[in-house]
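Asker: Build me a structure from this.
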Amino acid sequence: MDYAKIAQKLREQMARFSGELSSGFPKVVRRFMEDMIYGVQARQSVRLTEVSRALGGKTSVKKTEERLSRQIGRSWLWEAVTERLVRLAARAVERETLLILDLSDLCKKYARKMEYLARVRDGSEKTLGQGYWMVNVIGADLGRRGILPLYGRLYSHRAPDHRSENAEIERAIGMVSAKTEGRGVWVLDRGGDRVELFRYLLDRKLRFLNRINGDRSLETEEGVKSALEVARWTPSFYIDYRPRIEQGEAKLQRLEVGFRRVRLPRRREVLTLVVVRGLGQEPLMLLTSMLVLKSRRSVMRVVEAYFLRWRVEETIRFLKQSYQLEDVRLLTYRRLQNLVALVMAVIYFAAIYLGVRLKLRVLARHVLSAARRVFNIPDFRLYALADGIKHCLYSRAKGEARFGPDSNPPTPPLHLQLGLFDS
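Answerer: The predicted model follows:
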């Protein structure tokens, strides 16, 4: 495997992608965008020092880091990059694409001088700490393994321009929906069970699928009752079995599924409450504006769509682990927000851009085969892609340093040349 050629092609595609993303920007910003997209992937790190080392060149690491720090502080950068990224990604959003919205945290446990640090709940350690919140929107389709990065924004409730969490969620829905022209189905977990968000979605005729809490008021033919009470009186029409891992063994979990037509109080829209029993002591309650017919296929499609939302958690975990997002050292709030937008662009390149055309899919296969995951292939393909890109670019950099720009690095061991991955 010729790592030098693969790295050169990767660099060319990164330049092309950053060119599409930064078209019309000032020249210095276009150069900055290309450098960041390359450097973050080459080092799998968001630290500007590591990005500067990946860029190399005659300029010192210190001077390069200062240049990157100046450019990433531009006040308009997050808005411009996110708007371009959503526009690119919107081409792949179809009517039934799931637009999964998730609130996550960026925990900075030992930080003291970072701007507008706020109290957050560390999702990995299940404790309260300090850091920032993030709103993420990831697209996914039933029957397909891939993900579609659409939107990422970091925010703090201590920042002077912060209005509310609902406003941040509505900003995300508004920007994505404008570019997708209303296509897609918004999927939210229990954190999205809010009157304001239901009103926002219904007023704009956006389809949604929300997991709701038991105390949510719903209107039925018998009057207004809590969602839990309605669920308890909803009969199960279908039985399904879902695989799960329990104590290291694969088992089948029996699910009983039913549904009922309901309304939200003081709203005229007819919605469907899908009730799933078998996952816990209380039934799982899904409120949707999707058309649900009285057929097994139609009802189970809603259930599978909700289960697919867990893919966004894999994406956020990938973002934090593969690119070391929680190791960020930027101190100012604006720079942190801009960095999140750039990292979402990096994920888009790895997840989507490499598979757009046949030639790039072939390149992606070479990248995957370079990944150091020969004997432990992950289910989540992005981990292998990120590792493969870094390995190719790192091998290219070492080859130039030791053997000169026109020489190839030594042939890697046989087990790293095996093409064991599917596209």
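Asker: What are the buried residues along the host helix or strand of G39?
Answerer: Assigned by DSSP states H and E, G39 belongs to helix 27-43. By neighbour count on 16 or more other Cβ atoms under 10 Å, the buried set for helix 27-43 is 29-30, 32-43. All C-beta spots, glycine's among them, are computed from the backbone N, C-alpha and C.
Asker: Which one of those residues is nearest to Q8?
Answerer: Y38 (12.1 Å; Cβ to Cβ).
Asker: For the spatially closest residue to that closest one that is not a sequence neighbour, which three-state class applies?
Answerer: Nearest residue to Y38, sequence neighbours excluded (Cβ to Cβ, 6 or more residues apart in numbering): M14, at 5.2 Å. Here M14 takes the helix state, with states given by DSSP: H, G, I helix; E, B strand; the rest coil.
Asker: Distance of M14 relative to A227?
Answerer: Going from M14 to A227 by Cβ to Cβ, to the nearest Å gives 48 Å.
Asker: E249 too?
Answerer: Applying Cβ to Cβ, the value for E249 to A227 is 34 Å.
Asker: G129 too?
Answerer: 32 Å.
Asker: So which of these two has more stuff around it?
Answerer: A227 (21 against 16; other Cβ atoms under 10 Å).
Asker: In terms of pLDDT, where does the more buried one sit?
Answerer: On the pLDDT scale, A227 is placed at 97.
Asker: Surely it touches N210?
Answerer: No: judged on Cβ atoms under 8 Å, A227 makes no contact with N210 at a distance of 10.8 Å.
Asker: Overlap in contacts, those two.
Answerer: Taking Cβ atoms under 8 Å, 6 or more residues apart in numbering as the contact rule, A227 and N210 both touch L287.
Asker: moving C-terminal of the regular element (helix or strand) spanning M285, what's the next helix or strand?
Answerer: Per DSSP H and E: M285 is located in strand 284-288. Counting by DSSP H and E, the next helix or strand C-terminal to strand 284-288 is helix 296-308.
Asker: buried residues in the helix or strand following that next one?
Answerer: Going down the chain from helix 296-308, the next helix or strand is helix 310-322, by DSSP H and E. Neighbour counts over helix 310-322 (16+ other Cβ under 10 Å) mark R311, V312, E313, E314, T315, I316, F318, L319, K320, S322 as buried.
Asker: what about dumping the CA coordinates of helix 310-322 to CSV?
Answerer: What follows is helix 310-322, C-alpha atoms only, in CSV (Å, rounded to 0.1, in the frame of the first residue of the first chain):
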residue,chain,number,x,y,z
TRP,A,310,-29.1,6.4,20.0
ARG,A,311,-26.8,6.6,17.0
VAL,A,312,-26.3,10.3,17.8
GLU,A,313,-24.8,9.3,21.2
GLU,A,314,-22.3,7.2,19.3
THR,A,315,-21.4,10.2,17.2
ILE,A,316,-20.9,12.5,20.1
ARG,A,317,-18.8,9.8,21.8
PHE,A,318,-16.7,9.5,18.6
LEU,A,319,-16.3,13.3,18.5
LYS,A,320,-15.0,13.4,22.0
GLN,A,321,-12.8,10.3,21.8
SER,A,322,-11.3,10.4,18.3
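Asker: packing partners for it?
Answerer: On a contact count with 3 or more Cβ pairs under 8 Å, 6 or more residues apart in numbering; DSSP states H and E, helix 310-322 meets strand 98-107, strand 127-140, helix 333-351, helix 381-403.
Asker: Hey, what's the angle from that helix to helix 333-351? Just curious.
Answerer: If you take axes from the mean of the first three to the mean of the last three Cα atoms, to 10 degrees, helix 310-322 sits at 110 degrees to helix 333-351.
Asker: export the helix or strand following the helix holding G39 as CSV, just CAs?
Answerer: Using DSSP H and E, the helix or strand that follows helix 27-43 in sequence is helix 48-55. Taking C-alpha atoms only, helix 48-55 is exported to CSV below (Å, rounded to 0.1, in the frame of the first residue of the first chain):
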residue,chain,number,x,y,z
LEU,A,48,-3.9,24.2,18.0
THR,A,49,-0.4,23.2,19.0
GLU,A,50,-0.9,19.7,17.6
VAL,A,51,-2.6,21.1,14.4
SER,A,52,0.4,23.4,13.9
ARG,A,53,2.8,20.5,14.2
ALA,A,54,0.8,18.5,11.6
LEU,A,55,1.1,21.4,9.2
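Asker: so who does S18 touch?
Answerer: S18 neighbours (Cβ under 8 Å, 6+ apart): R30, M33, E34, I37, A345.
Asker: mind checking how far the residue nearest to the first one when sequence neighbours are not counted is from S52?
Answerer: Going back to what we said before, that points to R30. Once flanking residues are discounted, R30 sits nearest to S22: 4.5 Å by Cβ to Cβ, 6+ apart. According to Cβ to Cβ, S22 stands 19 Å off from S52.
Asker: swap in V46?
Answerer: 12 Å.
Asker: likewise R317?
Answerer: In terms of Cβ to Cβ, R317 sits 27 Å off from S52.
Asker: and if you look at L286?
Answerer: L286 is 47 Å from S52, by Cβ to Cβ.
Asker: Can you spell out the domain ranges of this protein, please?
Answerer: For the chain, the structural domains run 3-77+332-416, 193-294, going by automatic domain parsing.
Asker: now the first one: mean pLDDT?
Answerer: What that stands for is domain 3-77+332-416. 76.
Asker: V187 against F208, yeah?
Answerer: Yes: counting by Cβ under 8 Å, V187 touches F208, with 7.4 Å between them.
Asker: Just say helix, strand or coil for Q281.
Answerer: coil.
Asker: Phi and psi next, for it.
Answerer: phi -70, psi -40 (degrees, to the nearest 10).
Asker: okay, now R47: neighbour count?
Answerer: Neighbours of R47 using other Cβ under 10 Å come to 18.
Asker: can you pull the pLDDT of the closest residue to it other than its chain neighbours?
Answerer: If the residues on either side of it in the chain are set aside, R47 comes closest to R329, at 5.6 Å by Cβ to Cβ, 6+ apart. Listed pLDDT for R329 reads 92.
Asker: Ok, L252 next?
Answerer: Looking at L252, its pLDDT stands at 86.
Asker: Next, count neighbours for the nearest residue to it once chain neighbours are set aside.
Answerer: Once flanking residues are discounted, L252 sits nearest to Y241: 4.3 Å by Cβ to Cβ, 6+ apart. Using other Cβ under 10 Å, Y241 is surrounded by 11 other residues.
Asker: Let the chain start at 809 from now.
Answerer: Right, with 809 as the first residue, what we last looked at is Y1049.
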